[in-house]
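>>> give me coordinates for this.
(chains A and B, ligands or ions: 2)
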Amino acid sequence: MNKDYSIWKLLSQGFKQHQGWTPAWRNPEIKSSYDVVIIGAGGHGLATAYYLAKEHGVKNIAVLEKGYLGGGNTARNTTIVRSNYLWDEAALLYEHSLKLWEGLSEDINFNVMFSQRGVFNLGHTLQDMRDIERRVNANNLNGIDALALSAQEVKDHIPMINIGKNTRFPIMGASFQPRAGVARHDAVAWGFARAASNYGVDIIENCEVQGMDIENAAIKGLQTSLGYIKTSKVGCVTAGHSSVMAKAAGIRMPIESHPLQAFVSESLKPVLDTVVMSNAVHGYISQSDKGELVIGAGIDHYTSYAQRGSPHIIEHTAAAIIELFPMFSRVRLNRQWGGIVDTTPDACPIISKTKVKGLYFNCGWGTGGFKATPGSGNVFAHTIAHDEPHPLNAAFSLDRFHTGHLIDEHGAAGVAH
Amino acid sequence: MFVIKCPHCNEPREEEEFHYEGEAFIARPSNPEAEADEAWGDYLFMKKNPKGWHWEMWGHAAGCRKFFVVKRNTANHAIDGAWTLQGARAAYETEQVAA
Ligand SMILES: Cc1cc2nc3c(=O)[nH]c(=O)nc-3n(C[C@H](O)[C@H](O)[C@H](O)COP(=O)(O)OP(=O)(O)OC[C@H]3O[C@@H](n4cnc5c(N)ncnc54)[C@H](O)[C@@H]3O)c2cc1C
Ligand SMILES: [Zn+2]
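Ligands and ions are numbered 1, 2, ... in the order given. Presented below is the predicted three-dimensional model:
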């Protein structure tokens, strides 16, 4: 890959009034056939295309996107990255991803602003604290950094948090993952797009996949809004729209699509240098580099594709945040939005072959897939290239819902993203 | 946010009063012992999750506490009707036959 972004390039462009920059990725004409087609140019789809080209030498790849690149959940999420999941299968998958995050900006020659500022998961009941002890121990056994902290230790890290007993759900302690943090979501999509494009991947925006051409239980091509495309391998990475795609292929999915909302405040001076989340009171918060408080909550409980939720969820979340941080009570909110997340019964993703030969699904990341973007793309590329799962995603096959081998991550995933 | 008219209370109320109870008319296999894993998995976990009209159950959690069925469009939250459980089955079956 041509790694042409550097301090020297920036300096020399500085002397030219920055008039010499070229577009970060190509905008090619769509071809009539590809070796592999990825549906969905979110972070996961673009990462899949990148690793297919880079690690598996696949040459003729397209990524089709019905809207604009990175306009789905990638651009709507609150960017928390962590790997402190309970069960071995999930912990190892998310840790694989966290390790890729640690070298990602260099690898794709694009600053994704990955900031390992740590994540606190608060406990408010005795049971929360027992679960935290258990999860921290499980994490340590898997070689993942994790600490169990008392309320006072939480307060030492975050002086303005209210650990008083005068709240509805007083804070009793927390788990803390120092290597966790946040990243810049748009940069992740743009960086993977640029890196994939440099390897020759065709990224086609405004191209909706409308049907699948399947013959003798094998994929032959796709009907799209830009015409028919012939291909024998399709990776479907469409997040909230995965059930719609599965239906087109005659496959049933254990997925429900829910709105998930988030909002940001006006910009403030630096006040919060870490990430705080609480499953019990349903809220989480961090501060962006622009100074906005980034706040999110749990899903709206009804299913929807409308990319908006109900106001009472915002109210509930704001109340939770103010109970944790009374000093934020007069901060004004700037923007609010929703994305459509693809939840599964065990709060774990599906990265899998299907009964249709050449058709692969990567979905079900629900409220917490941003953190997995590089790892998900990496193991999914392997799955597509070898027609066999990578050891890290073998447990996340679709048939676990028939064999009963579910991986229940509601404790670590639940409200927490 | 939308307004739902509970067929038991017969009064339009905000969605916040209700609890979403998931896809309607998921039939439990009549002879469970005879079912293969595939059919059990489908029954337990698989969802239609359509983009468009959806037959779903709601509970009037902060009202009469009864269950009922709503036909709602998941793309824009429009509601076509709400029925008691018995009434809904008849409406649903008529629609299935017509389709
Ligand atoms: C408010 C909110 C907060 C979140 N917070 C976090 C967090 O803090 N940490 C975390 O780890 N995760 C978080 N998530 C979850 C995370 O955003 C998702 O799991 C992740 O982005 C999914 O990745 P993706 O790139 O596959 O999805 P997307 O970016 O949604 O990509 C899917 C793409 O497929 C396209 N598509 C759909 N149908 C078609 C079609 N027929 N043809 C062509 N293209 C199609 C869509 O337009 C879309 O661009 C959050 C999500 C939301 C909504
Ligand atoms: Zn009622």
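>>> got a list of what the residue in the stretch 1-150 of chain A that chain B sits nearest to touches?
Proximity of the stretch 1-150 of chain A to chain B (Cβ to the nearest Cβ) peaks at residue A:66, 12.3 Å away. Placement of C-beta: from N, CA and C, glycine included. If a contact means Cβ atoms under 8 Å, 6 or more residues apart in numbering or on different chains, then residue A:66 has A:206, A:207, A:208, A:209, A:225 as its contacts.
>>> find the residue closest to residue A:387 in space, skipping its chain neighbours.
Sequence neighbours aside, residue A:353 is the residue nearest to residue A:387 in space, at 7.0 Å (criterion: Cβ to Cβ, 6 or more residues apart in numbering or on different chains).
>>> my error: substitute residue A:229 in the last question.
residue A:222 (5.0 Å).
>>> what's the burial count for that neighbour?
Look at residue A:222: counted by other Cβ atoms under 10 Å in any protein chain shown, it has 23 neighbours.
>>> the one 4 residues further on too?
For residue A:226, the count of nearby residues is 14 (other Cβ under 10 Å).
>>> ok, now the one 5 residues further on?
Neighbouring residues of residue A:231 were enumerated by other Cβ under 10 Å; the total is 20.
>>> was I right to think it contacts residue A:31?
No - counting by Cβ atoms under 8 Å, residue A:231 sits too far from residue A:31 to count as a contact (10.1 Å).
>>> biggest separation within the contacts of residue A:66, which pair?
Maximum pairwise distance among these (Cβ to Cβ): 12.0 Å, between A:206 and A:209.
>>> most centrally placed residue in chain B?
Of all residues in chain B, the one closest to the mean position by Cα atoms, centre = their mean is residue B:56, 1.9 Å from it.
>>> wait, chain A
For chain A, the residue nearest the mean C-alpha position is residue A:370 (1.4 Å; Cα atoms, centre = their mean).
>>> so what's it closest to, chain neighbours aside?
Leaving aside its chain neighbours, residue A:370 sits nearest to residue A:77 (4.4 Å; criterion: Cβ to Cβ, 6+ apart).
>>> confidence score at the one you found?
Residue A:77 carries a pLDDT value of 97.
>>> are we agreed that it is in a helix?
No - in this structure, residue A:77 is coil, not part of a helix, as judged by DSSP: H, G, I helix; E, B strand; the rest coil.
>>> for it, give me its contacts.
A:185, A:262, A:339, A:369, A:370, A:417.
>>> quick one: contacts for the fourth one?
When you say that, I think you mean residue A:369. Contacts here follow Cβ under 8 Å, 6+ apart; on that basis residue A:369 touches A:44, A:73, A:77, A:239, A:349, A:376.
>>> near ligand 2, which residues of chain B?
Residues of chain B found near ligand 2 (Cβ under 5 Å from the ion) are B:6, B:8, B:9, B:60, B:63, B:64.
>>> now rank those residues by neighbours and give me the top one.
When neighbours are counted by other Cβ under 10 Å, residue B:6 leads the residues of chain B next to ligand 2 with 21 neighbours.
>>> show me the shaky parts of the stretch 51-200 of chain A.
Of all residues in the stretch 51-200 of chain A, none has pLDDT under 70.
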